[in-house]
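Enquirer: Fold the following and give me the result.
(one chain, ligands or ions: 1)
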Amino acid sequence: MAGVNLQLRQAYSIAQFVPTLSSPPPPPTQRVRFGISPSRVIFCNLRANSAAAPTLRTTRRSETIAASSVSSSVDSNSLVEDRDDVSRIPLLEVRDLRAVITESRQEILKGVNLVVYEGEVHAVMGKNGSGKSTFSKVLVGHPDYEVTGGSIVFKGQNLLDMEPEERSLAGLFMSFQSPVEIPGVSNMDFLNMAFNARKRKLGQPELDPIQFYSHLVSKLEVVNMKTDFLNRNVNEGFSGGERKRNEILQLAVLGAELAILDEIDSGLDVDALQDVAKAVNGLLTPKNSVLMITHYQRLLDYIKPTLIHIMENGRIIKTGDNSLAKLLEKEGYKAISG
Ligand SMILES: Nc1ncnc2c1ncn2[C@@H]1O[C@H](COP(=O)(O)OP(=O)(O)OP(=O)(O)O)[C@@H](O)[C@H]1O
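Expert: Numbering: from 1, shown residues only. This next block holds a predicted model:
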């Protein structure tokens with residue numbers, strides 16, 4: 001769903017935030033100053049993945065929808081409700097989420113319910129066009145979509161009252177299906193800026209370029225990437241698989257309480273899939289959670305999900321364990337669709 005002329009839009013969006021460096025990326029002793037707040041760089045990825053006109057619109061929603069508006073008409077709701085456990089605080093709580101495409105007003109999400117607790121791995125599967133990517137983009141505040149109903153609570157906060165960059169700084173990370181290039185910005189500078197922006201938000205000390213380099217090198221090993229990639233511009237000329245690895249490197253470096261991975265397995269060879277899965281598993285802690293979108297059981301062989309959700313026509317119509325993915329693999333969606 002990259003959209004027509006995406007590369008042009010990407011270049012346009014990014015150019016507003018990031019000046020082109022005419023010289024090669026500097027050594028790690030030099031600080032690079034950009035005319036933007038570093039967290040805006042993270043936000044670039046969102047804007048660059050936007051298929052809409054580049055005017056800023058967010059999925060912020062001022063009114064909080066009353067809990068009584070939660071629909072109880074879909075199969076998965078009972079499972080979601082069964083998991084409501086007063087002794088545990090959900091990391092992410094999505095209730096009856098509805099969203100339209102901002103420009104056309106076409107409704108894509110038609111009442112999504114999902115609860116993710118700390119340390120859990122959730123997989124969202126579903127036919128092409130069922131709304132999986134839209135759901136993940138709405139979570140991070142993508143400007144192409146507007147929330148028209150329901151609620152999203154992340155770490156006890158109303159996510160819909162937060163700008164996309166605030167969501168990112170709050171601990172939400174999204175790996176896009178089509179990660180964008182950022183010409184003129186080296187991978188290392190990008191990561192350093194984003195890392196320090198998060199540190200500032202958390203009130204923790206920032207790392208200077210030398211300290212950051214040491215931190216970075218250890219993370220490179222996690223994703224099995226060569227140091228050469230640090231001096232290359234973000235995703236510029238990267239193969240599909242290298243982009244995906246780079247997304248996981250970003251996740252490893254920045255950390256996140258909830259990592260949303262949209263088809264992280266697409267375009268990966270077997271070795272790369274194993275590396276990426278190993279890296280994701282290595283990042284899981286009892287506190288961190290993963291929400292991954294995938295079409296294939298093979299990813300779930302490597303990253304074991306707590307629950308699998310099947311999305312159809314903008315709703316989660318079924319939730320279950322790994323056997324659901326196995327059934328899908330064997331019999332296709334006809335075995336599941338209503
Ligand atoms: N910005 C947009 N403009 C127009 N149509 C859109 C937009 N965003 C989503 N859609 C439409 O909404 C539907 C859901 O799209 P979405 O990308 O969420 O599906 P998906 O389940 O992730 O599909 P896939 O498995 O093919 O990646 C599709 O019909 C898509 O064309």
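
Enquirer: got the residues of this structure near the ligand?
Expert: 1, 51, 101, 108, 126, 128-134, 144 (C-beta under 6 Å from any ligand atom). Backbone N, C-alpha and C define where each C-beta goes, glycine included.

Enquirer: Max pairwise distance over these: which two?
Expert: A51 and G126 (20.1 Å; C-beta to C-beta).

Enquirer: what's stretch 238-253 in contact with?
Expert: 173, 175-176, 179, 181, 187, 191, 194-195, 215-216, 219-220, 222-225, 229, 232, 234-235, 259, 261, 264, 266-269, 272, 275-276, 279-280, 282-283 (C-beta atoms under 8 Å, 6 or more residues apart in numbering).

Enquirer: Now restrict the residues you listed to buried residues only.
Expert: Buried residues within the contacts of stretch 238-253, counting neighbours by 16 or more other C-beta atoms under 10 Å: 173, 175-176, 179, 181, 187, 191, 194-195, 216, 219-220, 222-225, 229, 232, 234-235, 259, 261, 264, 266, 268, 272, 275-276, 279-280, 283.

Enquirer: Looking at the residues you listed, which are in strands?
Expert: In strands, defined here by DSSP state E, the members of those are F173, S175, V234, A259, L261.

Enquirer: got CSV for these, with distance to N322 and pLDDT too?
Expert: Formatted as CSV, those follow (distance: C-beta to C-beta, whole Å; pLDDT from 0 to 100):
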residue, distance to N322, pLDDT
F173, 24, 93
S175, 22, 88
V234, 35, 89
A259, 20, 95
L261, 17, 94
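
Enquirer: Which member of the residues you listed is positioned nearest the ligand?
Expert: L261 (12.7 Å; C-beta to the nearest ligand atom).

Enquirer: how about the closest residue to that closest one other than its chain neighbours, what does it touch?
Expert: Nearest non-adjacent residue to L261, counting by C-beta to C-beta, 6 or more residues apart in numbering: M292, 4.2 Å away. Going by C-beta under 8 Å, 6+ apart, M292 touches V121, H122, A123, V124, I260, L261, D262, I264, L299, I303, P305.

Enquirer: Of the residues of the chain next to the ligand, select the buried ones using a PyMOL command.
Expert: In PyMOL syntax, the buried subset of these is picked out as below (16+ other C-beta under 10 Å):
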select buried, resi 51+108+126+130+131+132+133+134+144
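
Enquirer: Which residues are in contact with the closest residue to R232 other than its chain neighbours?
Expert: Nearest non-adjacent residue to R232, counting by C-beta to C-beta, 6+ apart: N187, 6.0 Å away. If a contact means C-beta under 8 Å, 6+ apart, then N187 has F229, L230, N231, R232, N233, V234, N246, L249 as its contacts.

Enquirer: how does it look with 10 Å?
Expert: 25, 216, 225, 228-236, 238, 246, 249-250, 253 (C-beta atoms under 10 Å, 6 or more residues apart in numbering).

Enquirer: Check Y333 too.
Expert: M125, G126, K127, S130, I310, E312, L327.

Enquirer: How about the contacts made by the last one?
Expert: The neighbours of L327, taking C-beta under 10 Å, 6+ apart as the test, are Q297, I308, I310, K318, G320, Y333, A335, I336.
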